[in-house]
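Trainee: Please find the sequence and the predicted model below.
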Amino acid sequence: MPKLIGIEKVNIAVFISGTGTNLKNLIKFSQKEDSKFKVKLVISNKSSAKGISYAKKFKINKKIIDYQNTKNAEKTILNELDKNKIKLVCLAGFMKILTGNFIKKFRGKIINIHPSLLPKYKGLNTHQRALDNNEKYSGCTVHYVNSRLDAGKIILQKKVKIFKNDTSDKLSKRILNQEHYLYPRALKKVISNL
Ligand code: GRF
């Protein structure tokens, strides 16, 4: 692990498929003097993912993965993780499901952020489903990844109030803001237990 001013920083990889605001936020946090992690690698399954621009901007290693063949894709990813001495994988809007085989190789070292109060609203379209069910609250969850979708042990959660005139768009923006609060804190917790 790289030693920076007496602090051992944990190398993390962030996996994205889209906008990458959580990636950007984690990079920002990693630059704080007392941060315990360094974003060493960005993995994307999409060459068009907007978030890749942050890897370029902050000079972080990046790898676009061709996912036509999942087995080969995961082999390439594992090789990159090894090459970059990655200790922890952070999924942030990564739209591919990791296989049991991959998860086994990185057991307990993969975390994900999900835009609902798990175990409610696993999967996609969480905000609209919460609105349709007249929920009073939704929120976001950081959890460990296991082989069942959005079902691993919860690390931290943040509640967000749903308003009467809410739309999926408005709610998703407020939740995303809280994701940016939550993810670095969850990461800190995970690293303290490594
Ligand atoms: C977030 O809402 C996250 O919870 C979900 O995908 C979205 C990613 O947003 N898994 P961004 O790409 O980090 O902006």
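Mentor: It's in.
Trainee: Reduced to three states, what does the residue of the chain found nearest the ligand come out as?
Mentor: Nearest residue of the chain to the ligand, counting by C-beta to the nearest ligand atom: residue 93, 2.7 Å away. C-beta coordinates here come from the backbone N, C-alpha and C atoms, glycine included. The three-state assignment at residue 93 reads coil, by DSSP: H, G, I helix; E, B strand; the rest coil.
Trainee: The closest residue to it other than its chain neighbours and residue 71, how far apart?
Mentor: Spatial nearest neighbour of residue 93, chain neighbours left out: residue 18 (4.8 Å); criterion: C-beta to C-beta, 6 or more residues apart in numbering. Per C-beta to C-beta, to the nearest Å, residue 18 is found 24 Å from residue 71.
Trainee: These two: which is more packed in?
Mentor: It is residue 18, of residue 18 and residue 71, that has more neighbours when counted by other C-beta atoms under 10 Å, with 17 against 10.
Trainee: Might one say that the more buried one is in contact with residue 48?
Mentor: No - at 9.2 Å, residue 18 does not count as touching residue 48 under the criterion of C-beta atoms under 8 Å.
Trainee: returning to that earlier point: residues contacting the residue of the chain closest to the ligand?
Mentor: Residue 93 makes contact with 16, 17, 18, 19, 20, 22, 51 under the criterion C-beta atoms under 8 Å, 6 or more residues apart in numbering.
Trainee: Run a quick check on the second one versus residue 49, I expect a contact.
Mentor: Yes - with the criterion set as C-beta under 8 Å, residue 17 and residue 49 qualify as a contacting pair; they are 5.6 Å apart.
Trainee: who's more crowded, the two?
Mentor: Taking other C-beta under 10 Å, residue 17 and residue 49 do not tie; residue 49 has more neighbours (23 against 19).
Trainee: What does the more buried one show for phi and psi?
Mentor: phi -60, psi 130 (degrees, to the nearest 10).
Trainee: try residue 86
Mentor: Per degrees, to the nearest 10, the backbone of residue 86 is at phi -80, psi 130.
Trainee: which stretch of helix or strand covers the residue nearest to residue 93?
Mentor: Under DSSP states H and E, no helix or strand contains residue 18.
Trainee: separation between the residue nearest to residue 109 when sequence neighbours are not counted and residue 194?
Mentor: Ranked by C-beta to C-beta, 6+ apart and with sequence neighbours excluded, the top spatial neighbour of residue 109 is residue 88, at 5.3 Å. Here the criterion is C-beta to C-beta. By it, residue 88 lies 7 Å from residue 194.
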